[in-house]
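Student: Give me a 3D structure for the following:
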Amino acid sequence: MAKKLAVLGHPTRLAIIRLLVRAGPAGLAAGHLGRQLNTAPNALTFHLQRLAHTGLITPRRQGQFIIYSAVFPDLLRLAETLVGACCANSPDKCGPQCPSENDTVGSPYPKIVPQKEL
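Tutor: Modelled structure (predicted):
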């Protein structure tokens, strides 16, 4: 979990994730991401590789293009862990944003109970 959070600490990588989440399962071509972010191809490749290595995005070849897609289950787990940490034992800290124990934060996936890291 810490590695996934760390990789999102860079503004370019966070912007890539935002674009890919908006694109949905269809994903976006690397060239499109580069144009949207005004990022040089070599820098973009570096950031895409870091995100793919942590499992937050996945590449696939489509003809001559490489299409990147967000890995939604992993991103949802990450978000639920962060929200759960915020709201743990103190729902008043987050106010109405805190999910109930049965809520899945609008996720189509079942609630994930974070495991303690060793």
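
Student: Buried residues of the helix or strand bottoming out on mean pLDDT in the chain, list them for me.
Tutor: Ranking every helix and strand in the chain by mean pLDDT, DSSP states H and E puts helix 72-87 at the bottom, with a mean of 82. Neighbour counts using 16 or more other C-beta atoms under 10 Å place 72, 74-78, 80-81, 83-84, 87 of helix 72-87 among the buried residues. Bear in mind the C-beta positions are built from the backbone N, C-alpha and C, glycine included.

Student: Repeat that for stretch 49-67.
Tutor: 50-51, 54, 56-57, 66-67.

Student: and these, which of them are in strands?
Tutor: 57, 66-67 (DSSP state E).

Student: Which residue ranges make up each domain of this structure?
Tutor: 2-70, 72-118 (automatic domain parsing).

Student: All the helices of the protein, in order from the start?
Tutor: For the chain, helices defined by DSSP state H occupy the ranges 2-7, 11-23, 30-37, 41-53, 72-87.

Student: Among the ones you listed, which comes closest to residue 62?
Tutor: helix 30-37 (10.9 Å; C-beta to C-beta).

Student: Dump that closest one to PDB, restricted to CA.
Tutor: Extracted C-alpha coordinates of helix 30-37, given in PDB (Å, rounded to 0.1, in the frame of the first residue of the first chain):
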ATOM      1  CA  ALA A  30       0.200   6.900 -24.400                       C
ATOM      2  CA  GLY A  31       0.400   9.600 -27.100                       C
ATOM      3  CA  HIS A  32      -2.900  11.100 -26.000                       C
ATOM      4  CA  LEU A  33      -1.700  11.200 -22.400                       C
ATOM      5  CA  GLY A  34       1.500  12.900 -23.400                       C
ATOM      6  CA  ARG A  35      -0.400  15.600 -25.400                       C
ATOM      7  CA  GLN A  36      -2.900  16.200 -22.600                       C
ATOM      8  CA  LEU A  37      -0.200  16.600 -20.000                       C
END
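
Student: From the centroid of the protein, which residue is nearest?
Tutor: Most central in the chain under C-alpha atoms, centre = their mean is residue 75, positioned 3.9 Å from the mean C-alpha point.

Student: isn't it right next to residue 18, touching?
Tutor: No - counting by C-beta atoms under 8 Å, residue 75 stays clear of residue 18, with 10.7 Å between them.
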